[in-house]
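# quick one: sequence plus predicted model below, questions after.
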Amino acid sequence: MNKLQAMEVFVQVVDAGSFTRAAEMMNLPKATVSTLVQALEAALSAKLLHRTTRQVTVTTDGAAYYERCLRILSDVRDAEESLSRTRLSPSGRLRVDSPTGLSSEILVPALPDFFERYPDIMLELGSSDRPVDLIEEGVDCAVRGGALGDTSLIARRVGVVNFLTAASPAYIARHGMPQHPRDLDRHRCVNYFSAKTGKIYDWDFNRGDERIEVPMRGVIALNDSNAYVEAGLAGLGIIQMTDYLLDKHVATGRMVQVLADWRSDPLPIHVVYPQNRHLSAKVRVFVEWVAELFAANPYMHMGAVPRVPAPVPAAA
C-alpha cells in the first residue's frame, strides 16, 4: 500500500461523503478507492468510516486521523513545491467556477495574460450563476458575488461592483420614463431568480437617507446574467444588472439608464476555496492573478461592503 496515496484517498472520501464521488474526483476506479481505505484501516487497526448504502460518515478515530492526514499531506506538498517553485511554473488541472457575466466580460478576455504567465496550468472554467458546492463538485476555487453564506470557505475579497437600472429605448418610448422607484409599480420589469432556491429578488434603491425595496412585477424571470441583459435589450422590461454588463449598451444607445440619481446596494466579489484543502501553487497564483486583474479594472471598486447586505444572486 502507498500510504500517502491511501491518505489522499481517505481525505477525499471524507470530503465527498461518498466512495463513488471520491473515485470520480480522483479519476480512480471505485474498487481501488475502497481497497485503499480498507488497507489503511487494517494497517491502523482502527475503523475510520461508517458505511451504509446511502452515505459514508467518519468515526471518532477517523475524524482525528483525518485532521492529521490534512496536516501531513499539506507538509508533503509544501516540501515538494518549495523544491519545484524555483525551477518550474505551477502546473496541472485547475477547476474554477465563476458567474456567467463576470466570466464573459472580465475573466475570459484577460486569460491570454494568465496563460502567458502560467503556461503549464490546464484551466477548467465553469461559468454559471448557480452557486456550486466546491467540495462535492471537485472545484478548486470560485469567484462569487454577494453575501457569503458558507462559513467553511476561505474568502478573499477582490472587488465590489455597482448596479445600473436600464431599459431599451423602445420600452421607454412605449411606457415612459419612471421618475421614482415607486413608479415601477406601473412598469414591466425583467426579474432575476435564484438558481438555488427559485426566489425572485426584490430591487433596492438608495438616495441620500432614503431607502426603498421594490418587489418587481414582470412577465419573465431569468437566472443567467447574459440572458437577463438580452431580455432587456429585447424590450421585455426594465432591468437592473452590474454596470460592467450594461455600460457598453448605454454608451451605444441600445439601453437607456433609468433612475440615474438612485443607487442600489453594491455587490462584494470574493474568491473562495475550501479551508480544509492545501492552497496549492496553481490555486494561489490564480487567486493572486484575479486580485491583480480586478484591482486594475475600473468596474471593481474596492470600497466599503454593502451597508445593508442583500441576498443578491451569485451572478455578476
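Looks like it came in fine.
# so who does the residue nearest to residue 108 when sequence neighbours are not counted touch?
Distances taken as Cβ to Cβ, 6 or more residues apart in numbering place residue 125 nearest to residue 108, at 7.5 Å, with adjacent residues excluded. Heads up, the C-betas are built off the backbone N, CA and C, glycines and all. By Cβ atoms under 8 Å, 6 or more residues apart in numbering, the contact list for residue 125 reads 96-98, 103, 107-108.
# mark which of those are buried, thanks.
Burial by neighbour count, 16 or more other Cβ atoms under 10 Å: within the contacts of residue 125 this picks out 96-98, 103, 107.
# the residue nearest to residue 108 in helix, strand or coil?
Following DSSP: H, G, I helix; E, B strand; the rest coil, residue 125 is assigned to strand.
# how far away is it from residue 223?
19 Å (Cβ to Cβ, to the nearest Å).
# what are the boundaries of the strands in this protein?
For the chain, the strands defined by DSSP state E occupy 49-51, 56-58, 92-98, 121-127, 141-145, 153-161, 163-167, 190-192, 203-207, 210-214, 220-222, 239-242, 256-257, 267-274.
# now do the second one, average pLDDT.
To tie it back to what came earlier, the one meant is strand 56-58. What strand 56-58 shows for mean pLDDT is 89.
# in stretch 187-207, what's buried?
187-192, 194-195, 201, 203-206.
# what's the end-to-end length of it?
Distance across stretch 187-207, first residue to last, is 20 Å (Cα to Cα, to the nearest Å).
# what pLDDT, on average, does that stretch get?
On average, stretch 187-207 scores 87.
# ok, stretch 293-311 next?
63.
# what do you get for stretch 248-258?
95.
# what residues does whichever helix in the chain runs longest touch?
Counting by DSSP state H, the longest helix found in the chain is helix 60-84. Contact with helix 60-84 is made by 4, 7-8, 10-11, 14, 44, 46-49, 58, 276, 278, 280-281, as judged by Cβ under 8 Å, 6+ apart.
# got the buried residues for it?
Buried, per 16+ other Cβ under 10 Å, within helix 60-84: 62, 65-66, 69-70, 73, 81.
# state the pair within the contacts of residue 125 that is farthest apart.
97 and 108 (13.5 Å; Cβ to Cβ).
# now the closest residue in space to residue 250 that isn't next to it in sequence: how far from residue 213?
Leaving aside its sequence neighbours, residue 250 sits nearest to residue 257 (Cβ to Cβ, 6+ apart; 5.5 Å). Distance, residue 257 to residue 213, using Cβ to Cβ: 20 Å.
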